[in-house]
Structure formats: C-alpha cells, structure tokens
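Q: For reference, the sequence and a predicted model appear below.
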There are 2 protein chains.
Amino acid sequence: MIRVVILGFGKVGRHLAIAFNDAPEIQVVQIYNRSARNEPVELTDIPFTDDLSRLEEADIYIMAVPDDFIGTFSDEIPKIPGILVHTSGGVDLSAINPKHQRGVFYPLQSFSETGKARFKEIPMCLEAENPEALEKLTRLARSISEKVETITSEERAKLHLAAVFVNNFVNHLYYISDQYLAVNDLDFELLKPLINETARKMETLIPVEAQTGPAVRKDQKTIQKHLELLNDSPFKNLYIQLTTAIQETHGKKL
Amino acid sequence: MIRVVILGFGKVGRHLAIAFNDAPEIQVVQIYNRSARNEPVELTDIPFTDDLSRLEEADIYIMAVPDDFIGTFSDEIPKIPGILVHTSGGVDLSAINPKHQRGVFYPLQSFSETGKARFKEIPMCLEAENPEALEKLTRLARSISEKVETITSEERAKLHLAAVFVNNFVNHLYYISDQYLAVNDLDFELLKPLINETARKMETLIPVEAQTGPAVRKDQKTIQKHLELLNDSPFKNLYIQLTTAIQETHGKKL
C-alpha cells in the first residue's frame, strides 16, 4: 500500500485524487488545500486540512499547484517523511526546496474541470533524486497509468514545449476558426468531425504524411482566395506564417 | 433508387463509392477514371470505364478530381442526363461548365488513403442551381450522412478556409512537435493522448474556454525558457507569433 497526500485541490489535484482513490494499492490519506473546497462525492471520506502543520504521514506528497507557487509552497511545507513531488511539465525538480526528498510526477495531459480523466492512457513522466524514490514513484504511476516514463527535468521541459504546440497552439487555431465562422454566421459545429479526424490520423500516420491542403499542394489560387477572404482580418498574418512554414517544410523535399 | 456515376477514383471518389455502395437506396452504376485503378474488393462488381464518351445514364455524376481540374474536366464531359457535381470545398459552383446541370457535393472531411470514412458524422455541404436538383442531392447526401447542409459557394469558401486552420495548420503544429522531439531524442508517441484530448475537449467546451498554457496564463518565466530552448530553431518565430496571438486574444477580455 502506498500512502499519498494531495497538496492543492485544483483540477490536477482533484483528477489525481479520484484516480488514486480508485486504485486498490493506493491510499489517499489526506487532501490539503489552503481554503476549503467542495470535494466530489467519491472523495468526501478522505480527511481534509487547510493547515500545513497538520499533514499526515505518507510515502508521497503531491503538490498540484500552479507552476509559480511550487518553490515557495515547498518552502512552507514542513519537513515530511515522504517524497515531495510536483506535477508540472515546465518546472525543474530543483525548484523544490532541497530540505525535502524531491521528485516530479508529471501527467502529460490537459485536464478539464469536469469529467473523469482517462489516466490509463496518460503518460506519467517521472523524475527522482535516487533509485528508491524513483521506484516508489513508478509504483504509484503504474497504479493509474500504463505509460510510465522516467525523464530528466531538461527532457521534460522539451516535452512540455512540444505539448504547447499540440495543445495550446492547436486550441488557438480552433479559436480562430470558431471566431472566423461566427463573424460569418457559420457554425463551428460543422468542423468538429474534421477536428476529430485530424487528431485521429495521428494514430496511423506521421504528421508529414498527413499534411494536406492548399499550402502543401502549392495551390496558389486557393491561397489567394483565402487571403482575399481574410483581408482586414486579424488572422491573416497567421495564415501567411503557417502557409509559408508548410511550404518551406515540404519544399525542402522536392 | 438514385443512380450515381463516380468520376475520378482518388481518395474522395473511392470513399464515396464505398459509402454509396453500402446505402440501399443508391446504385453506383459506373466508376470512371482516366487510367485503370485497382478497386477495393467490395467495388469490383461496379462497371469501370476510362472513356468519357461511354458514361452510363445516371441521376448524379460526381467529379472527385483535384480542384484545378474541375473546370476543364467538366468541359470534357459530354452532355449528360443528370446533375454534375464537384466535391471541393474551395471551388465555386460556377467553375463547372454551364452546359451541365451543376451542383456541389462537399464532404467536410479530410480523407485517408486507407480505412473506411465515418460518413454518418461527416457534414455534407450541398449547393444546386434549382430546388429539384437540390432535393436530389439532399436525398443522396442523407443516404450516407446525418448532417446535410445547404450552403452557397461563398459560405463554402469560408468554411473551407476555417477548415484549413483546424486541419492543415493543426497538422503542421503536430509536425513541428514531432520534429522538435525527434531532434531531441524524445518520442512523439508521448503526445498522442494530449493530441486526442485537445480535440475531444471541443465536444464540451468552446475554444476560448479550453485555452490553457503559458501564453494565456502570461507565464513569462516559462515562455522565456521555451524561447531559450528554441534558440536557433526554425520554429521559434511561430512560437512567438502564436503566443502573441493568444495573449492579444485573451488580453482583450481583461
């Protein structure tokens, strides 16, 4: 049995608590949050505290707090008997106060406020300062996910940067489409099957093979038409940048 | 029974032929291609021709050819008894030679070489020159899809432009991640659950609500770290453009 304390009950903390609560070999012994929060019904049996001086004994303490708070929060946490990990993609392990046994427990996923995360498929990216700690984190990660990876802080930063492209930036392209269609009285709903299929293709194709459209076809007539449609639009510049980027990428291979 | 001839047996032609072949109220009476092509086994019973002067009689003739060929191909097609449609998002109905009864039958999807398309969910965007023709195209579209829309050439061009953002441009962001990770000996596979989830969120959230990450958080520390990681990278400029675009979008609401 691995005993876990969840420190911070935002989106990530809640999703992790729910997943661990379902794992037979894990016991969530306490949830800390600096202010009281409504817990989902399945977690109401877990003791709650808003007092860092009253943390329970556990094997692993998971800080699920915003990136900027990781350092100062780890300073405030008194010396504890277990490993203290953060859950961030972009923050170095060394941001955690060295008075602790330190580690990283980074689920490579973007969580929603609602719904249940499918942890089984989520890559858990782990880092620790010694093999014993890594082994404990690995056991914890395997209790909820089938994809457990050990990676360094440096690798994790790169993975996080790549994740920004496929998640944050992709979502902004969804936003642009949504806005453009709204202004033109057209329904974003119509694009949803295409959005799904674009992602789904990555199951069987590599991105360079999956590239289609006017840019890669060098279909200047359609590109010109699009630029006319985007005249005076705030999105015109990105259209040009991305079209150029695709043409440069695929031009190289000719 | 609606009789259909498929003109052009590339990706779109093949996917449509397979879907129509499964629809009880549709009969694919002929497939034309300018050169012989291997047909999937389920279509080998359908008569094939490479001679435009020998087209069968049908209600609807579907040109599934590249955008640039639609005009000249429609010139070459002799006068036929049915409606002649193209399947393109970006081409005006008027590109078809006016000697024909003209229409558009645009499946808003990006098709793969392999696999079976899930037409039931694919929006079919229709256009015709008179109500009778539109009614026929609607019956044909409803035989394979639950989402049938009548839209003008002008609206279709806008929809196609929006599709370029969520499909072609999104795929290029996948490509960038893939390349960046490859150069750094990291596995793109790790991002696939995130890619899926990013698309899946559109089922329940609007894009502006789903935006997360350092740009929207105005997390300059992480952004700075990413820019250092991207130093000398061809992707740095797009990172800056997209981060700025997100910050401008979300800054407006403060």
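A: Noted; the coordinates are in hand.
Q: any idea how far residue A:29 lies from residue A:145?
A: In this view, residue A:29 and residue A:145 are 21 Å apart by Cβ to Cβ, to the nearest Å. No exception for glycine: its C-beta is placed from N, CA and C like everyone else's.
Q: Who has more neighbours out of those two?
A: Higher neighbour count among residue A:29 and residue A:145: residue A:145, with 21 against 16, using other Cβ atoms under 10 Å in any protein chain shown.
Q: Where do the strands of chain A begin and end?
A: Listed in chain order, the strands of chain A (DSSP state E) span residues A:2-7, A:26-32, A:48-49, A:60-63, A:83-86, A:101-107, A:124-128, A:148-150.
Q: Now do the buried residues in the lengthiest helix in chain A.
A: Ranked by residue count and defined by DSSP state H, the top helix of chain A is helix A:236-251. Neighbour counts over helix A:236-251 (16 or more other Cβ atoms under 10 Å in any protein chain shown) mark A:238, A:239, A:241, A:242, A:243, A:245, A:246, A:247, A:249, A:250 as buried.
Q: Run through the residues that contact the residue of chain A positioned farthest from its centre.
A: In chain A, counting by Cα atoms, centre = their mean, residue A:221 sits farthest out from the average C-alpha position, at 39.1 Å. Counting by Cβ atoms under 8 Å, 6 or more residues apart in numbering or on different chains, residue A:221 touches B:67, B:68.
Q: separation between it and residue B:157?
A: Here the criterion is Cβ to Cβ. By it, residue A:221 lies 12 Å from residue B:157.
Q: my read: residue A:180 touches residue B:159, true?
A: No: look at residue A:180 against residue B:159 with Cβ atoms under 8 Å: they stay out of range, at 9.7 Å.
Q: Looking at the two, which one has more neighbours?
A: residue B:159 (27 against 22).
Q: The more buried one and residue B:104 touch, don't they?
A: No: using Cβ under 8 Å, residue B:159 is not in contact with residue B:104; the gap is 11.6 Å.
Q: intersection of neighbour lists for those two?
A: What both residue B:159 and residue B:104 touch, as defined by Cβ under 8 Å, 6+ apart, is the set residue B:125.
Q: got a list of what the closest residue to residue A:236 other than its chain neighbours touches?
A: Spatial nearest neighbour of residue A:236, chain neighbours left out: residue A:230 (4.0 Å); criterion: Cβ to Cβ, 6 or more residues apart in numbering or on different chains. Residues in contact with residue A:230 (Cβ under 8 Å, 6+ apart) are A:236, A:239, B:161.
Q: so where do the helices sit in chain A?
A: For chain A, the helices defined by DSSP H occupy A:11-22, A:70-76, A:131-142, A:153-163, A:170-183, A:192-200, A:207-210, A:214-217, A:220-229, A:236-251.
Q: what's the distance between the residue lying closest to residue A:94 once chain neighbours are set aside and residue B:21?
A: Nearest residue to residue A:94 in three dimensions, chain neighbours excluded: residue A:153, at 7.1 Å (Cβ to Cβ, 6+ apart). Using Cβ to Cβ, residue A:153 is found at 55 Å from residue B:21.
Q: One more: residue A:144?
A: 45 Å.
Q: And the two? Which one has more around it.
A: A side-by-side neighbour count of residue A:144 and residue B:21, using other Cβ under 10 Å, places residue A:144 first with 21 against 17.
Q: My guess is residue A:40 contacts residue A:18. True?
A: Yes: counting by Cβ under 8 Å, residue A:40 touches residue A:18, with 6.6 Å between them.
Q: more neighbours, the two?
A: Neighbours per residue (other Cβ under 10 Å) separate residue A:40 from residue A:18, with residue A:18 holding more: 18 against 11.
Q: What residues does that one make contact with?
A: Here residue A:18 is in contact with A:40, A:42, A:43, A:116, A:117 (Cβ under 8 Å, 6+ apart).
Q: Just the buried subset of the residues you listed, please.
A: Listed as buried from the contacts of residue A:18 are A:43, A:117; burial here means 16+ other Cβ under 10 Å.
Q: now the contacts of residue A:18 in TSV, with distance to residue B:165 and pLDDT?
A: Output for those, formatted as TSV (distance: Cβ to Cβ, whole Å; pLDDT from 0 to 100):
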residue	distance to residue B:165	pLDDT
A:40	36	81
A:42	39	82
A:43	39	88
A:116	30	84
A:117	27	91
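Q: what's the closest of the contacts of residue A:18 to chain B?
A: residue A:117 (8.5 Å; Cβ to the nearest Cβ).
Q: Now the phi/psi pair for that closest one, please.
A: Phi and psi for residue A:117, reported as degrees, to the nearest 10, are phi -70, psi 150.
Q: how far away is the nearest residue to it once chain neighbours are set aside from chain B?
A: Once flanking residues are discounted, residue A:117 sits nearest to residue A:15: 4.6 Å by Cβ to Cβ, 6+ apart. The spacing between residue A:15 and chain B, counted by Cβ to the nearest Cβ, to the nearest Å, is 12 Å.
Q: what's the answer for residue A:99, then?
A: Note on residue A:99: its distance to chain B, by Cβ to the nearest Cβ, is 23 Å.
Q: List the contacts of that residue.
A: residue A:79.
Q: Before we move on, what's the pLDDT of it?
A: At residue A:99, the model reports a pLDDT of 98.
Q: And for residue A:37?
A: At residue A:37, pLDDT is 75.
Q: One more: residue A:254?
A: Reported pLDDT for residue A:254: 40.
Q: tell me the contacts of residue A:118?
A: Neighbour list for residue A:118: residue B:193 [criterion: Cβ under 8 Å, 6+ apart].
Q: count of neighbours near the spatially closest residue to residue A:145 that is not a sequence neighbour?
A: With sequence-adjacent residues excluded and distances taken as Cβ to Cβ, 6+ apart, residue A:145 is closest to residue A:124, at 4.7 Å. When counting by other Cβ under 10 Å, one arrives at 24 neighbours for residue A:124.
Q: May I have the beta-bridge partners of residue A:124?
A: Beta bridges link residue A:124 to residue A:107, residue A:148, judged by DSSP bridges.
Q: Please look at it and residue A:107 and confirm they touch.
A: Yes: with contacts defined as Cβ under 8 Å, residue A:124 counts as touching residue A:107 at a distance of 5.7 Å.
Q: who touches both of the two?
A: Shared contacts of residue A:124 and residue A:107, defined by Cβ under 8 Å, 6+ apart, are found at residue A:145.
Q: Provide a list of residues in contact with the closest residue to residue A:237 other than its chain neighbours.
A: Leaving out its chain neighbours, the residue that sits closest to residue A:237 by Cβ to Cβ, 6+ apart is residue B:241, at 7.4 Å. Contacts for residue B:241 (Cβ under 8 Å, 6+ apart) come out as A:237, A:238, A:241.
Q: residues of stretch A:87-96 that come out buried?
A: A:87, A:88, A:89, A:90, A:91, A:92, A:93, A:95, A:96.
Q: again, but for stretch A:194-211
A: A:194-202, A:205, A:207-208, A:210-211.
Q: So what's the gap between stretch A:163-181 and the chain middle?
A: 16 Å (Cα atoms, centre = their mean, to the nearest Å).
Q: wait, stretch A:88-102
A: Once both centres are worked out by Cα atoms, centre = their mean, stretch A:88-102 turns out to sit 18 Å from its chain's centre.
Q: go on, stretch A:49-65?
A: Distance of stretch A:49-65 from the chain centroid (Cα atoms, centre = their mean) equals 22 Å.
Q: Low-confidence stretches in the stretch 151-254 of chain A?
A: The model of the stretch 151-254 of chain A has pLDDT under 70 over residues A:252-254.
Q: Alright, I will stop here.
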